[in-house]
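Chemist: Structure for the following, please:
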Amino acid sequence: MKEQKKLIWGIVLNLLIFVLVTFSTVSMMTGFNFMSKTFAFSATSWKAFIYFTVDSNVYAGIISLIFAIFQLMVLNKKIESVPKAVYLLKFSASVSLTLTMMTTVFFLAPTSSSGFFALFMNSNFFYHFFVPVLCFISYVWFENDCQFTLPFTFTGIIPMGLYSIFYISTILIHLENGVIAKGTDWYGFLFMGFNTIYIVIPLILGITYLFAFGTWAISKKVASKQK
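Modeler: Numbering: from 1, shown residues only. Here you go, the predicted model:
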């Protein structure tokens, strides 16, 4: 009964994540504002996908839906358990959203010319805060049945690693005599110049791994207490 309740909660949270991400994505792409008007780190149409925030949330939404489907199959006894690969995908999604939230709270929001809370308005309220928290809770408390070994924690940096390639490529393509073209470093990570890329990117990937390790460790500890 305890495991069944845990499974049901996991399904509810995963479906909620999917619904909120879908709503937020449609709202951003169509320019729909349901709170104070703000355009901080947002874009209409497909331009919204230049942001890791949007990419990571959409990724998490899709994986959460897939996870919920497998959980429903387990609940109905059609399969014994959710595949390990799906757990790893959800793990990397949770890590990516933790990175998104922490980067916003400690770097983007404090340095925003629009004000700290401008980055938590409209779709960004869900993208930068609510969905990351839900994703972390669902994975750590309700999806901790599959405990993988330490080496697998490096899968948590894959989404950020792929995005880094896109981010760097965009800057390089538009680099003008060693100077970053306006608008290409949209997160402002290289505000001290292009040469800092050799420090900034490894630092971001390193921080991402710390979140991956932390998520894995917390999940493992919670799972041991639930037994």
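Chemist: element containing the residue nearest the centre of the chain, please.
Modeler: The centroid of the chain falls nearest to Leu97 when counting by CA atoms, centre = their mean (2.3 Å). Assigned by DSSP states H and E, Leu97 belongs to helix 84-103.
Chemist: The nearest residue to the residue nearest to the centre of the chain once chain neighbours are set aside: how many residues sit nearby?
Modeler: Using CB to CB, 6 or more residues apart in numbering and skipping the chain neighbours, the partner closest in space to Leu97 is Pro132 (3.8 Å). Heads up, the C-betas are built off the backbone N, CA and C, glycines and all. Other residues within reach of Pro132, judged by other CB atoms under 10 Å, total 26.
Chemist: Can you give me every residue that contacts Pro132?
Modeler: By CB atoms under 8 Å, 6 or more residues apart in numbering, the residues touching Pro132 are 97-98, 100-101.
Chemist: Farthest-apart pair in those, please.
Modeler: Spatially, the most separated pair among the contacts of Pro132 is Thr98 and Thr100, at 7.2 Å (CB to CB).
Chemist: out of the two, which sits in the busier spot?
Modeler: Between Thr98 and Thr100, counting by other CB under 10 Å, Thr100 is the more crowded of the two (26 against 23).
Chemist: Count the residues that sit near Asn14.
Modeler: Asn14 has 29 nearby residues by other CB under 10 Å.
Chemist: if I pick it, what's in contact with it?
Modeler: Here Asn14 is in contact with 64-65, 67-68, 71, 138 (CB under 8 Å, 6+ apart).
Chemist: change it to 10 Å
Modeler: Taking CB atoms under 10 Å, 6 or more residues apart in numbering, we find Asn14 in contact with 60-61, 63-72, 90, 134-135, 138-139, 142-143.
Chemist: cool, and Asn195?
Modeler: Gly178.
Chemist: how near is it to Phe117?
Modeler: Look at Asn195 and Phe117: by CB to CB, to the nearest Å, they are 33 Å apart.
Chemist: do Lys77 as well
Modeler: Following CB to CB, the distance that separates Lys77 from Phe117 is 47 Å.
Chemist: More neighbours: which of those two?
Modeler: Per other CB under 10 Å, whichever of Lys77 and Phe117 has more neighbours is Phe117, with 15 against 7.
Chemist: Alpha carbons of stretch 85-105, as PDB, please.
Modeler: Taking Å, rounded to 0.1, in the frame of the first residue of the first chain, the C-alpha atoms of stretch 85-105 are listed here in PDB:
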ATOM      1  CA  ALA A  85      17.100   4.600 -18.700                       C
ATOM      2  CA  VAL A  86      14.000   6.600 -17.900                       C
ATOM      3  CA  TYR A  87      15.200   7.100 -14.400                       C
ATOM      4  CA  LEU A  88      18.500   8.500 -15.700                       C
ATOM      5  CA  LEU A  89      16.600  10.800 -18.100                       C
ATOM      6  CA  LYS A  90      14.500  12.200 -15.300                       C
ATOM      7  CA  PHE A  91      17.600  12.500 -13.100                       C
ATOM      8  CA  SER A  92      19.400  14.700 -15.800                       C
ATOM      9  CA  ALA A  93      16.200  16.700 -16.200                       C
ATOM     10  CA  SER A  94      16.000  17.400 -12.500                       C
ATOM     11  CA  VAL A  95      19.600  18.400 -12.400                       C
ATOM     12  CA  SER A  96      19.200  20.700 -15.400                       C
ATOM     13  CA  LEU A  97      16.200  22.500 -13.700                       C
ATOM     14  CA  THR A  98      18.100  22.800 -10.400                       C
ATOM     15  CA  LEU A  99      20.900  24.500 -12.400                       C
ATOM     16  CA  THR A 100      18.300  26.800 -14.100                       C
ATOM     17  CA  MET A 101      16.800  27.800 -10.800                       C
ATOM     18  CA  MET A 102      20.000  28.400  -9.000                       C
ATOM     19  CA  THR A 103      21.600  30.300 -11.900                       C
ATOM     20  CA  THR A 104      18.500  32.600 -11.900                       C
ATOM     21  CA  VAL A 105      18.500  33.100  -8.100                       C
END
